[in-house]
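> below are the sequence and a predicted model; questions follow.
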Amino acid sequence: MPFDGGCWHTLDPATLLITSHWTNLSGDGFPMIVENEYRHDDVASFAELATRQLPASALTPHDAPGSARFVAYQGRGWRSELRSTFVVDGEAWGAVMLLRASDVRPFTADEARFVAALGRRLAQAIRAAILVEEHATPSRHDVGLVVLDERNRIETLGGVLDEPAALGPALLSVAEFARAKRGTAQVRTPGPDGRWLVLHGALLGDDSSRVAVVVEPARSAELAPLYASAFGLTRRERDVLGEVLRGRSTTEIADRLSVTPYTIQDHLKSIFSKTDTATRSELVARLFFDHFEPRLGAPLRSDGTFAS
């Protein structure tokens, strides 16, 4: 399927903030898209598409009257847009925006359905990549601070951040979401050395467009839900997994979740299948040695969790 311009994104499934992107476009196109996504109620946002049965849309200026995004497109010579969110098991892991020039026929509804059909497979691939850990990279425990001015230029850089530019998409997403004042501006993303980071953004004053972003290594408690999602566990299966990791018996879990022990056994069978394990001890061992044991050298926080 031909297109002239495109931008592919990965998303944090918990917040739907963009964590990385690849594009064949140049200039200020990506910052415009991020601002439009998080600060404007425009047509067919990635978050809105993620809630649709068909999470894709083919649009022209005729289909999007009053769209600030399409005003920007027309100024750049674009006439037609196809965008889709990649969803699996009710969670969005990525998104794409494709563009065609004014002298090319617009995208069609059939092409939108075609891209949507690929979305589940792409979401599964992104989700599976989460489980590939970089055990060879030693963990560092520094915390960084980035202050962005009203034009998203780095104004202040504190702490130890070797490659702040590599976090550009995540920094931009957090900054624009903080400016939108719609909730907590936070995203989990792999850093340039492979370790997982959490970015927290906040405005420097209610009447300011300057944003402070704290960058710190992700805690085990922050990564655990991400790994559970990456394994494809349902929300109820994640509840059961949490109780298993706390050492509770089947009867205890059933009482806490107000279901029968037989239902818990069914959930456990599904969890074992999805995590390629056969017993509770093997399940705990896999989660521990694959994802948490590499962090044992990290200091503990006051609540007893790993600092990274």
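The structure has been received and is ready for your questions.

> where in this protein is pLDDT low?
Counting by pLDDT under 70, the chain shows low-confidence ranges at 27, 132-142, 159-164, 166, 220-221, 287-308.

> for the residue of the chain most remote from its centre, which non-adjacent residue is closest in space?
Here the chain has its C-alpha centre computed as a mean, and the residue farthest from that point, by CA atoms, centre = their mean, is T251 with 35.1 Å. In space, and not counting its chain neighbours, T251 is closest to P261: 5.7 Å by CB to CB, 6 or more residues apart in numbering. Using the backbone N, CA and C atoms, a C-beta is placed for each residue, glycine as well.

> same question for E81.
Nearest residue to E81 in three dimensions, chain neighbours excluded: L59, at 5.0 Å (CB to CB, 6+ apart).

> next, the residue nearest to T251: phi, psi?
phi -60, psi -30 (degrees, to the nearest 10).

> now do the one 10 residues further on
Dihedral angles of I271 (phi, psi; degrees, to the nearest 10) stand at phi -60, psi -40.

> same question for the one 5 residues further on.
Here is the backbone geometry of D276 (degrees, to the nearest 10): phi 60, psi 50.

> check the gap between it and L268 for me.
14 Å (CB to CB, to the nearest Å).

> neighbour count winner among those two?
When D276 and L268 are compared on other CB atoms under 10 Å, the one with more neighbours turns out to be L268, at 20 against 10.

> and the nearest residue to E243 once chain neighbours are set aside, what element?
Computed as CB to CB, 6+ apart, the closest residue to E243 that is not its neighbour in sequence is I253, at 4.3 Å. Here I253 is covered by helix 250-257, with elements defined by DSSP states H and E.

> show me what that helix is packed up against.
Helices and strands touching helix 250-257, by 3 or more CB pairs under 8 Å, 6 or more residues apart in numbering; DSSP states H and E, are helix 235-245, helix 261-275.

> quick one: the ones you listed as TSV, columns for distance to S26 too.
As requested, the helices and strands packed on helix 250-257 are exported to TSV (distance: least, CB to CB, whole Å):
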stretch	distance to S26
helix 235-245	41
helix 261-275	41
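
> what's the burial count for R151?
Neighbours of R151 (other CB under 10 Å): 9.

> could you dump the helix or strand containing I126 to PDB, C-alpha only?
If you go by DSSP H and E, I126 is part of helix 109-129. C-alpha atoms of helix 109-129 as PDB (Å, rounded to 0.1, in the frame of the first residue of the first chain):
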ATOM      1  CA  ALA A 109     -11.900   2.700   3.900                       C
ATOM      2  CA  ASP A 110     -10.700  -0.700   2.500                       C
ATOM      3  CA  GLU A 111      -7.100   0.500   3.100                       C
ATOM      4  CA  ALA A 112      -8.000   1.500   6.600                       C
ATOM      5  CA  ARG A 113      -9.400  -2.000   7.200                       C
ATOM      6  CA  PHE A 114      -6.200  -3.500   5.800                       C
ATOM      7  CA  VAL A 115      -4.000  -1.600   8.200                       C
ATOM      8  CA  ALA A 116      -6.300  -2.400  11.100                       C
ATOM      9  CA  ALA A 117      -6.100  -6.100  10.300                       C
ATOM     10  CA  LEU A 118      -2.300  -5.800  10.600                       C
ATOM     11  CA  GLY A 119      -2.600  -3.900  13.900                       C
ATOM     12  CA  ARG A 120      -3.100  -6.900  16.200                       C
ATOM     13  CA  ARG A 121      -0.100  -8.700  14.900                       C
ATOM     14  CA  LEU A 122       2.000  -5.600  15.200                       C
ATOM     15  CA  ALA A 123       0.800  -5.000  18.800                       C
ATOM     16  CA  GLN A 124       1.700  -8.600  19.600                       C
ATOM     17  CA  ALA A 125       5.200  -8.100  18.200                       C
ATOM     18  CA  ILE A 126       5.700  -4.900  20.200                       C
ATOM     19  CA  ARG A 127       4.400  -6.600  23.300                       C
ATOM     20  CA  ALA A 128       6.700  -9.600  22.800                       C
ATOM     21  CA  ALA A 129       9.700  -7.300  22.500                       C
END
